[in-house]
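**Q** Need a 3D model of the sequence below.
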Amino acid sequence: MTNQQPRTLSVTPAGIIGTFIVLIVVATCVRLGFWQLSRLADRRAANAAIAARLDQDPVGDIARIADTTGLAYRRATARGTFDNERYIVLPGRSLAGSPGVHLIVPLRLAGRTDALLVNRGWVPAADAATIDATKFVVHDSVEISGLVVPFPGASQSLAARGEIATDGAFRHAWYTIDEAALRAQFPYRLRDVMLQELPSAADTAILPVKLDPPVLDEGPHLGYALQWFAFAIIGIIGWIALVLKSRAAHTATTATFVGLVLLAGARPCTAQLRPLDPLDWRIFDASTQLIAGVGGGGLWDHPATPAGTRGRLLELGRYTISYRSSRIAIELGGTALWRLREQDTLAAPLPVVAPDDGVRQDAGVAFAATGLRFSPDDWPADLVLRFGATIPTTSDESGLDRDRIDFFALVGARYRMGSWSFTAENGVGINGTLRDDLPQSDVWTYAFGAARDVGSVRVAADLVGRMDGHAYVIRGNEDMSELRAGFDVGRDRWLRVRYVRGLTDDSAPVHGLRIMAGVRRFR
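**A** As a prediction, the model looks like this:
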C-alpha cells in the first residue's frame, strides 16, 4: 500500500492572471446588477407618479388650457375637425404579433388657430409602414376623449440646430421623430402635447384599434439584475470548479464557454406552449457520460391561447441528448413538430392564420442548457446551476406559441436516501410576450420530483411549471402547472412512460401520455 500525497494547489502566473480577470468580470456583473436595481427603483417611482395622474379627474377641454405643463397622463377632451390630408404614421408598431402603424392625425381645435395631434390608434400594415389613410377619414366635427401624452420626438432636435432643412414636401412616415422637423411641415402651430384616443363602449369602428393607457409594469430591470448576479455566481463557481478540477480544465472551459454563449445569445426576455422540462438527473450519476432518447406524446384538451382554441396536441419527434464531462453537462432537447386538432373555442383569436381543416401545426420549441454541478463529491446532495435558452417555433402565425427566445437560470438539488431520490429546481425565466407595451415577463420557474428505484424499474413523479407575478394575465404567457407520473425501465437501454395531468385550466392539458426510448452510455 502506497501513501498518496494530498493534492495541492499551485500558484502560477497564468492562474493569477485568470483569477484577476475573473474578479474583474464578477465585480462588473455585480455592479451592473445593482445598476439595474437602481433603474427598477426609478421605474417604480415614475409608475407611482403616472398612476397618481391617471387617478385624477379629467381636466376637461384641453383647448382652454394655455399651459399644458404637468398634464401628461391626465384624461382630457378636445373638439374640432381632423386635417385628414396631413396625417402621419409611426411605423413598426405591432399588435398581438401582427405588423402595423400608429395613425396620428392633427385635430384643428374649434374656435382656435392651432391644432392638437391625436393618436387615433393602431392600423394593420403588411410592411409595417404603409396604409391607405383614406379608409379612416372623418369629415365631421368630433369630440375626442383621450389621454394626454408627451409630444412625440426629442425636445432638442436636429432641425432645431439647423442640421435638417425642410423642403416643403409633407412627410407622412416617421421612423425616428424629430420634433422641430415635424412641426415645421405644418402650416399652423401644434400644441405641446398629444392626445391618445382611449377605447370606449361607444366605438363602432373596428379600425383604428384604440390604444389602452400605458401598462405600469416594472419592466425587465429585475430580470436583468438577476441575470447579472447569475453571471457573477457562474463566474465564481465556474472558476473554482476549473481550479479544483484542473485535470479537466480544457473540457470544463469549453462547456462553460458554451453555457455563457447561450446566456449572452438569448434575448433577456421557458418554453411557449409547454413548460420547461426538468433536468434529467441521471446525467450526474457516477460514470454516466451520455443520455439520448426519442419519442412522442399526445396531450388532450390542450389550450392554444393565442389562437383562442383548445384541442388534441400531438408532439411528434420529441428528442433529448445530455452529455457530461466532469462537473459540466450540456443539454439539447425539444420537439420536431406540434400538431393541434381544434375541438373547442375559448376566446376570440389574436391575428393568426386560420387552421387547415381544423389543424394547426408548427415546429415545436427546442432548448439548449448547461448544468454545472458545484457541490463537493462527499456531500449527501447534488447541487446544480442550470441555465440556457429556449429556441422558438417558426412564427406566431400558427397560434400555437410565442415566437420569442426565452432565457432561464435555475438552481437545482437532488438528495438520495436509499432507493429514494428527491429533486427540486427553482429559478427565474425571462420570457418574451406578444405585447408591445410589455415585451418581457419575468416568471418563477420550478420543478419538484420524487422517484424510487425497484430493481431495473424507477417509479417517478414530477411537478413542473411556471408562475407569473403579474396581477393580470398576459395572453400567451399564462401560468402553467403539470403533474407528470410514470415509470422508467432499463439502464443501458431505457423506456420512459409518463402520464401528464394539467393543473391549470387555461394553459395546460387535461391529461396526456408521453413515451420515450433511448440509450445511456458510461465512461
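
**Q** contacts and neighbour counts: CA atoms only from here.
**A** Will do.

**Q** what about residue 492, how many neighbours?
**A** Neighbourhood size, residue 492 [other CA atoms under 10 Å]: 11.

**Q** With only the CA atoms kept, save stretch 317-329 in CSV.
**A** Extracted C-alpha coordinates of stretch 317-329, given in CSV (Å, rounded to 0.1, in the frame of the first residue of the first chain):
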residue,chain,number,x,y,z
GLY,A,317,-40.4,13.6,-32.7
ARG,A,318,-39.5,14.5,-29.2
TYR,A,319,-35.8,14.3,-28.6
THR,A,320,-33.2,14.8,-25.9
ILE,A,321,-29.5,14.4,-25.5
SER,A,322,-27.3,15.2,-22.5
TYR,A,323,-23.5,14.9,-22.4
ARG,A,324,-21.4,15.3,-19.3
SER,A,325,-17.7,15.8,-18.8
SER,A,326,-16.6,16.0,-15.2
ARG,A,327,-18.9,18.6,-13.5
ILE,A,328,-20.3,20.1,-16.7
ALA,A,329,-23.4,18.8,-18.6
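
**Q** pLDDT of it, averaged?
**A** For stretch 317-329, mean pLDDT rounds to 92.

**Q** Stretch 343-350 too?
**A** Mean predicted lDDT for stretch 343-350 stands at 82.

**Q** can you list contacts of it?
**A** 96, 301, 305, 306, 307, 308, 309, 310, 311, 312, 399 (CA atoms under 8 Å, 6 or more residues apart in numbering).

**Q** Helix or strand: which one has residue 33?
**A** helix 13-54 (DSSP states H and E).

**Q** Now do whichever helix or strand comes after that helix, average pLDDT.
**A** Helices and strands here follow DSSP H and E; after helix 13-54, the next one along the chain is strand 75-82. Strand 75-82 carries an average pLDDT of 92.

**Q** So that it lines up with my notes, have the first residue be 720 from now on.
**A** Fine by me, first position is 720 from now on; the one you just mentioned is strand 794-801.

**Q** Can you give the contact residues for strand 794-801?
**A** Residues outside strand 794-801 that contact it (CA under 8 Å, 6+ apart): 773, 776-782, 824-829, 857-867, 914.

**Q** again, 7 Å this time
**A** Under the contact criterion CA atoms under 7 Å, 6 or more residues apart in numbering, strand 794-801 has outside partners 777-782, 824-829, 857-867.

**Q** Just the buried residues out of the contacts of stretch 1062-1069, in ChimeraX syntax.
**A** Selecting only the buried entries of these in ChimeraX, with 16 or more other CA atoms under 10 Å as the criterion:
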select :815,1020,1024,1025,1026,1027,1028,1029,1030,1031,1118
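
**Q** Quick check, residue 1195 in contact with residue 1024.
**A** Yes: using CA atoms under 7 Å, residue 1195 is in contact with residue 1024, at 5.8 Å.

**Q** how close does residue 861 sit to residue 916?
**A** 12 Å (CA to CA, to the nearest Å).

**Q** who has more neighbours, the two?
**A** residue 916 (23 against 15).

**Q** before we move on, the earlier item: including pLDDT, distance to residue 1215 and secondary structure, could the contacts of stretch 1062-1069 go into a markdown table?
**A** Output for these, formatted as a markdown table (pLDDT from 0 to 100; distance: CA to CA, whole Å; DSSP: H, G, I helix; E, B strand; the rest coil):
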| residue | pLDDT | distance to residue 1215 | secondary structure |
| --- | --- | --- | --- |
| 815 | 71 | 38 | coil |
| 1020 | 93 | 23 | strand |
| 1024 | 86 | 29 | helix |
| 1025 | 86 | 31 | helix |
| 1026 | 85 | 31 | helix |
| 1027 | 85 | 32 | coil |
| 1028 | 90 | 30 | strand |
| 1029 | 91 | 27 | strand |
| 1030 | 93 | 25 | strand |
| 1031 | 95 | 21 | strand |
| 1118 | 84 | 30 | coil |
